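*Asks:* Got a sequence here, can you build the structure:
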Amino acid sequence: MASMTFAINEELKSRLVRFPWVNWSKVARENLLTKEELEQLHKKLESEEEKELTRWSVELGRIAKKNGLKRLLAELSQEERRELGL
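*Replies:* Take a look at the predicted model:
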């Protein structure tokens, strides 16, 4: 396994030494992997394919809402329509 060294300020170091049982190298490794995975997910979400899927989903939702409203209005009686001012 390769090794990496980096500097931290004194305040952070004083906070970290209060927890000597924590394997800070492991925490840093896991956090770096998580950041890498998040970056990959971000790239995927920004892809044209994902954007098109989002547009399609939103449009489908709008159509369903519109059709649902039409169906509900069709089920109203004449009296209920007058009460609603339709």
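*Asks:* Do a quick rundown of the helices in the chain.
*Replies:* Counting by DSSP state H, the segments of the chain that form helices are 10-16, 24-45, 48-75, 78-84.
*Asks:* Can you point out the buried residues in the last one?
*Replies:* Using 16 or more other CB atoms under 10 Å as the burial criterion, none of the residues of helix 78-84 qualify. No exception for glycine: its C-beta is placed from N, CA and C like everyone else's.
*Asks:* rewinding a little: out of the helices of the chain, which comes closest to residue 1?
*Replies:* Nearest to residue 1 among the helices of the chain is helix 24-45 (9.3 Å), distances taken as CB to CB.
*Asks:* Only C-alpha atoms, please: export that closest one in CSV.
*Replies:* Taking C-alpha atoms only, helix 24-45 is exported to CSV below (Å, rounded to 0.1, in the frame of the first residue of the first chain):
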residue,chain,number,x,y,z
TRP,A,24,-7.0,8.4,11.9
SER,A,25,-5.3,6.9,8.9
LYS,A,26,-8.2,4.6,8.4
VAL,A,27,-10.7,7.4,8.9
ALA,A,28,-8.9,9.5,6.3
ARG,A,29,-8.8,6.6,3.8
GLU,A,30,-12.5,5.9,4.2
ASN,A,31,-13.3,9.5,3.8
LEU,A,32,-11.2,9.8,0.7
LEU,A,33,-13.0,6.8,-0.8
THR,A,34,-16.3,8.3,0.1
LYS,A,35,-15.4,11.6,-1.6
GLU,A,36,-14.3,9.7,-4.7
GLU,A,37,-17.5,7.7,-4.8
LEU,A,38,-19.5,10.9,-4.4
GLU,A,39,-17.6,12.5,-7.3
GLN,A,40,-18.4,9.5,-9.5
LEU,A,41,-22.1,9.8,-8.5
HIS,A,42,-22.1,13.5,-9.2
LYS,A,43,-20.7,12.9,-12.7
LYS,A,44,-23.3,10.3,-13.4
LEU,A,45,-26.1,12.6,-12.2
